[in-house]
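I would like the atomic coordinates for the input below:
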Amino acid sequence: MVSFPSIHWQPRAPLGDNALQSLLISALRGLAALQVAAANLRAEVYPGLRTLEDPTLAYLGLAFFTGFAHQAVVVFFLISGWLVGGSLMNRFGKPQALAHYAIDRFTRLWTVLLPTLLLTLGVGLAVGAAATGPMDFDPANAFSAAAFAGNLVGLQTMTVPEFGGNYPLWSLAYESWYYIQFPLLVLAIAGGGVLRRAAAAAALVLLLATLREMISLYFTIWLLGAAFSRIRIDCGHLARGALVALSLALFVYYRLRGNNDDLAPGSFVQDILCSIPVLLLLASLQHPVDTAAPAYARANRVAVFFSEFSFSLYVVHIPLIELMRFLGRRHLGRDHLDPHAATDFLWYFTLLGALVLSAYVFYLLFERHTIRLRNTMKHRLLSPRVKRVQVALSPD
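Numbers count the residues shown, from 1 in each chain. Predicted structure coming up:
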């Protein structure tokens with residue numbers, strides 16, 4: 001007898017409660033960060049594929065497998081909506097829910113972002129991209145004090161450039177505003193009190209109308225992640241396998257035929273289509289699994305390892321690439337690789353490994369302490385004093 005999938009709405013998002021779901025989220029976070037770093041490294045040290053008249057099969061393969069950075073950013077938005085949005089909805093209505101949320105988001109961003117900006121400045125000074133001398137407040141200067149401050153509060157790409165040319169920081173502007181828009185949406189729907197809800201709704205409409213078009217448009221994808229965190233799908237292995245196949249097929253199709261550059265109105269529909277099967281798959285992974293099984297334990301260790309420093313890898317790889325290119329020019333006489341030279345592929349993967357290792361050290365120095373800093377701030381700022389907790393799957 002064939003059993004059809006059933007869909008259920010859950011009163012709470014079971015964040016971290018489902019082993020397979022947590023494993024997939026961790027794996028997606030790690031893979032997405034690796035993909036962005038690999039894609040940007042290739043773009044910085046190799047010539048563009050379209051500029052080559054007769055690319056080798058090896059370079060075609062490298063270009064293909066490192067060409068999913070656009071899709072990786074969409075995955076980041078989905079997971080952020082799932083974890084951050086789901087966490088706020090779970091907590092909403094409890095005492096000091098918004099204060100907890102604000103501290104969570106502040107510590108999540110600034111524990112990594114502040115040292116990243118300082119690292120970017122240091123690299124800029126080392127390679128000669130940043131000028132020494134009196135402090136510059138010109139917002140058009142990527143190394144100015146205005147750009148530094150603007151990147152801390154999510155104004156990059158709107159009023160200031162990404163600090164120091166660290167262009168992946170553009171997505172943090174999107175995230176920062178989503179962290180503000182979502183609680184306003186929740187307050188407008190269930191805030192309690194007509195005036196409070198009306199004020200939240202007015203503020204949300206104002207933000208949606210004044211922010212850049214793509215920020216407001218892609219808030220839809222972030223919201224999909226938050227909404228699906230409350231959905232449970234009961235289905236069999238065949239249905240889950242079909243969702244995996246459909247997700248991979250759509251990613252590959254749009255990698256080859258779609259818009260893979262910046263987020264734009266032309267890429268929105270394809271990104272929605274890619275998002276739905278991924279979210280359906282996540283919602284279907286809520287059945288029990290033997291977490292003591294060796295295969296699961298090994299996979300989970302690897303996924304969690306790369307997931308833990310995915311944020312660090314995402315934000316620091318560009319200044320690290322600039323430093324590597326500077327060292328290459330100084331000591332090797334070149335800062336680019338030859339797509340026709342087999343030995344240069346070894347150099348590419350050596351550089352990629354160095355990026356990953358450096359990002360992990362950065363994580364140990366800064367990102368790893370996020371929970372400790374978060375607990376300290378809550379202990380000092382909120383009353384009554386909150387119990388210190390450790391989370392298995394922290395919101396992105």
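
Check which element follows the helix or strand containing Ile79 along the chain.
Remark: Ile79 resides in helix 69-80, with elements defined by DSSP states H and E. Note on helix 69-80: by DSSP H and E, the next helix or strand toward the C-terminus is helix 86-91.

for that next one, packing partners?
The contact analysis (3 or more CB pairs under 8 Å, 6 or more residues apart in numbering; DSSP states H and E) places helix 86-91 against helix 97-127, helix 170-190. Yep, even glycine has a C-beta here, placed from its N, CA and C like the rest.

after the first one comes which helix or strand?
Think helix 97-127. helix 145-152.

angle of that next one against helix 170-190?
50 degrees (axes from the mean of the first three to the mean of the last three CA atoms, to 10 degrees).

What score does the closest residue to Arg91 other than its chain neighbours have for pLDDT?
Closest residue in space to Arg91, ignoring its immediate chain neighbours: Ala97 at 4.6 Å, by CB to CB, 6 or more residues apart in numbering. pLDDT recorded at Ala97 is 94.

Met135 too?
Met135 is given a pLDDT of 77.

Out of the helices and strands packed on helix 86-91, which is closest to Ile221?
helix 170-190 (9.7 Å; CB to CB).

Show me what the helix holding Ile79 packs onto, helices and strands only.
helix 19-45, helix 170-190, helix 213-228, helix 237-257, helix 265-284.

Just after the second one, pick out the following helix or strand.
Using DSSP H and E, the helix or strand that follows helix 170-190 in sequence is helix 194-210.

and if you look at the longest one?
The C-terminal neighbour of helix 19-45 among helices and strands, as given by DSSP H and E, is helix 57-65.

contacting residues around Tyr314?
Counting by CB atoms under 8 Å, 6 or more residues apart in numbering, Tyr314 makes contact with 33, 36-37, 76, 168.

For the residues you listed, work out which two are farthest apart.
The widest separation within these (CB to CB) is 12.8 Å, between Ala37 and Phe76.

and the gap between Asp271 and Ala264?
10 Å (CB to CB, to the nearest Å).

Skipping adjacent residues, who's closest to the most centrally placed residue in the chain in space?
With distances taken as CA atoms, centre = their mean, Phe76 lies nearest the centre of the chain, 3.8 Å away. Excluding its sequence neighbours, the residue lying closest to Phe76 (CB to CB, 6+ apart) is Ala32, at 5.6 Å.

Give me the three-state assignment for Lys94.
With DSSP: H, G, I helix; E, B strand; the rest coil as the basis, Lys94 sits in coil.

re the thing from before, settle this for me: the residue nearest to Arg91 is touching Ser87, isn't it.
No. Using CB atoms under 8 Å, Ala97 makes no contact with Ser87, being 10.1 Å away.
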